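> 3D model of this:
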Amino acid sequence: MAQAKNGDTVKVHYTGKLEDGTVFDTSINRDPLQFTIGGGQLIPGFEQAVVGMNPGESKTAKVPADKAYGPHLEEMVLVVDRNQFPVDLKPEVGQQLQSRQPDGRTFVVTVTDVSESSVTLDANHPLAGKDLIFDIQLIEIV
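Down below sits the predicted model:
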């Protein structure tokens, strides 16, 4: 039986969890996820976990933060004066907003703190700095 290797296109079902067991994403009840191993479409640790698996095989893989979304970088957290927001925008903790860079590119930030005078925005990926656990089932090598 063929084992999954770099360059193969595969279909997998997965459930992603934090170390405390909180599920942050799953493909269960959806179509399997299809990707090419080594194609850089997914976090490196997930792609590496599929290498060597046989179709029908399941495994649990722990992906450290440096092979997932990287460390949480303090320089990507910004405290902004409340008066820099449109008056009709009422920021709330957990809210995601789009921000535009001077070159026109947009990125998503998450509101992490709100006070009367300021709003704290975090441009890190929500899973940055976290070790992730994936239950993976290789459905097929396409």
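> Just read off the phi/psi values of E74.
The phi/psi pair for E74 (degrees, to the nearest 10) reads phi -60, psi -30.
> That should have said I136, apologies.
Here the main-chain torsion angles of I136 (degrees, to the nearest 10) amount to phi -120, psi 130.
> separation between it and V80?
Noted for I136: a distance of 39 Å to V80, by Cβ to Cβ, to the nearest Å. (Each C-beta comes from the backbone N, C-alpha and C, glycine too.)
> The two: which is more packed in?
Comparing I136 with V80 by other Cβ atoms under 10 Å, the one with more neighbours is I136, at 21 against 15.
> who does the more buried one bridge with?
For I136, the beta-bridge partners are Y14, K59 (DSSP bridges).
> Could you do V108 as well?
With DSSP bridges as the rule, V108 is bridged to Q98.
> Report the contact partners of it.
Shown in contact with V108 (Cβ atoms under 8 Å, 6 or more residues apart in numbering): Q96, L97, Q98, S99, A123.
> The last one contacts M76, correct?
Pointing back at A123 there. Yes: counting by Cβ atoms under 8 Å, A123 does reach M76; the two are 4.3 Å apart.
> thinking again about what came up before, just curious, which of the contacts of V108 is nearest to D66?
A123 (18.6 Å; Cβ to Cβ).
> Now for that closest one, how many residues are close by?
A123 sits with 15 neighbouring residues when counted by other Cβ under 10 Å.
> mind starting the numbering at 350 from now?
New numbering, starting at 350: the last item is A472.
> For it, give me phi and psi.
Residue torsions, per degrees, to the nearest 10, at A472 are phi -90, psi 0.
> how close does it get to M402?
Separation of A472 from M402 (Cβ to Cβ): 34 Å.
> tell me which element E396 is part of?
Following DSSP states H and E, one finds E396 within helix 393-399.
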